[in-house]
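# What would the 3D arrangement of this be:
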Amino acid sequence: QVQLVESGGGLVQAGGSLRLSCAASGSIFSINAMGWYRQAPGKQRELVAAITRGGLTNYADSVKGRFTISRDNAENMVYLQMNSLKREDTAVYYCAATMSIVLVTTTRPDYWGQGIQVTVSS
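A predicted model of the protein is given here:
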């Protein structure tokens, strides 16, 4: 089993920045790709960004140029730097991990964090 714990969420004004962190523990040798999803009220959960073990990244169109995903394999951490935040970025953000090489919209993650709230005010 793998445990994922998110931190760094909160309330921020539009145009501001936040950095989310996700700490992985447990059977981390089984993890390959990791990523961040978000779910806003009344909407489906969507993939925001993902990163392979080797550092290849992919992003949702809505966050390209504003969000950056990174990972530290030695520390078993994955990060999401969010800049130029907009009200529509308000959501619960989830860290996810998969045994698959890549994490894309059709991938079903094997592990999920508990989620963390990000609220962007105007």
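
# what kind of secondary structure is the residue nearest the centre of the chain in?
By Cα atoms, centre = their mean, the chain has its centre lying nearest to Trp36, at 1.9 Å. Under DSSP: H, G, I helix; E, B strand; the rest coil, Trp36 falls in the strand class.

# wait, doesn't it sit right on Arg45?
No. The pair Trp36 / Arg45 is not scored as a contact, 10.8 Å apart, by Cβ atoms under 8 Å. Every residue, glycine included, has its C-beta placed from N, CA and C.

# which neighbours do these two share?
Counting by Cβ atoms under 8 Å, 6 or more residues apart in numbering, the contacts common to Trp36 and Arg45 are Tyr94.

# Against Arg66, how distant is the residue nearest to the centre of the chain?
Using Cβ to Cβ, to the nearest Å, Trp36 is found at 13 Å from Arg66.

# Would you map the strands across this structure?
Ranges of strands within the chain are 2-7, 10-13, 18-26, 34-39, 46-51, 57-59, 67-72, 77-82, 91-97, 111-112, 116-121, based on DSSP state E.
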